[in-house]
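Trainee: mind folding the following:
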Amino acid sequence: MERGQEMKKKKIRKVTSEEKLPFTEHLEELRWRLIIIIATIAVWFGICYTYSEDIIRFVQKPLNQKLIFISPTEAFFVNLKASFFGAIFLSIPVIIYELWGFVSPGLLEKEKKYTLPFIISATVCFIIGVAFSYFIALPVIMKFMLGFAGEKLRPMISIDNYISFVGRFMIGSGVIFEFPVVIFFLSKIGIATPEFLSQKRGYAILGIFILSAVLTPPDIFTMFLMAIPLMALYEISIIIARLFGKRVDMSAVGSQLKAKS
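Mentor: Here you go, the predicted model:
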């Protein structure tokens, strides 16, 4: 028993930047961090399940009409699905912290000082993205899509399809709004430069439209509604990289090139 506890402590010990671990040890650390994330989601899932009806009513507001279910088990599984999405939203700070904890051993000590600002700003940006999708994007999308029904068609939307769409759309929006934070961090450590981001703008726009097509229903209007804010975030990220990015001493680079030649 004592040997098992000792092995467990060894597996979840904190890794320092000076240590060089084999690939299997990195996988072991990742496994334990994923276990923590899953446990956190499971705890929040249990709490959210007791309020699943309230969550469904909250998510239903942008649609502003009653939903139906078309199978005997659909209502039960919808409560589970709504609880799962709620657990994901509430677990975001822990998810961000654990992912940062996994990559932080490879950073320099001066770069690790951004731990708390990164976690806070990433969480805030995720909340802003979710709020944007719920209060701005979803009402516009629903009004536009249901407007095609006309007078002769009566929309009868399945609650399972609606909850799945809203959950994916809100999580996708939250992840997308993390982009400026990620670029800020990458620019501070010198990986992303404004010049590089500007040069790759065409590829970025193509990737934005592909991502928007995956996260939204198969219609051009909804895709553009998500792609336009994302393109704006990309331009904001270039400005962030220009203002806060790591400065490169060109004279030092030139002297190093002369020395090598």
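Trainee: how about the helices in the stretch 51-200 of the chain?
Mentor: 52-60, 74-90, 92-103, 115-132, 138-146, 159-176, 179-188, 194-199 (DSSP state H, counting those that start in this stretch).
Trainee: got those as TSV, with mean pLDDT, mean neighbour count and distance to Ile240 columns?
Mentor: For every residue, glycine as well, the C-beta is placed using N, CA and C. Formatted as TSV, these follow (pLDDT from 0 to 100; neighbours: other CB atoms under 10 Å; distance: least, CB to CB, whole Å):
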stretch	mean pLDDT	mean neighbour count	distance to Ile240
helix 52-60	92	16	32
helix 74-90	93	18	25
helix 92-103	88	17	18
helix 115-132	89	17	11
helix 138-146	82	16	27
helix 159-176	88	19	15
helix 179-188	82	20	5
helix 194-199	85	15	9
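Trainee: closest to Phe244 out of those?
Mentor: Closest approach to Phe244 among the helices of the stretch 51-200 of the chain (CB to CB): helix 179-188, 5.9 Å.
Trainee: can you give me how far the closest one is from the chain middle?
Mentor: Relative to the chain's own centre, helix 179-188 is displaced by 14 Å; criterion: CA atoms, centre = their mean, to the nearest Å.
Trainee: same for it, what does it pack against?
Mentor: helix 115-132, helix 220-244 (3 or more CB pairs under 8 Å, 6 or more residues apart in numbering; DSSP states H and E).
Trainee: didn't Thr40 look like it was pressed against Ser91?
Mentor: Yes - the criterion here is CB atoms under 8 Å, and Thr40 meets it with Ser91 at 4.7 Å.
Trainee: name the helices or strands packed onto the longest helix along the chain?
Mentor: The single longest helix within the chain, with elements called by DSSP state H, is helix 23-50. If contacts are counted by 3+ CB pairs under 8 Å, 6+ apart, helix 23-50 sits against helix 2-11, helix 74-90, helix 92-103.
Trainee: angle of the second one against helix 159-176?
Mentor: What that stands for is helix 74-90. Helix 74-90 runs at 10 degrees relative to helix 159-176, counting by axes from the mean of the first three to the mean of the last three CA atoms, to 10 degrees.
Trainee: on that earlier part again, what's the closest of the helices and strands packed on helix 23-50 to Val181?
Mentor: helix 92-103 (9.5 Å).
Trainee: off-centre distance for that closest one?
Mentor: 12 Å.
Trainee: that helix - contacts with which helices or strands?
Mentor: helix 23-50, helix 115-132.
Trainee: ok, and what's touching it?
Mentor: 29-30, 33-34, 36-37, 40, 115, 118-119, 122-123, 126, 174 (CB atoms under 8 Å, 6 or more residues apart in numbering).
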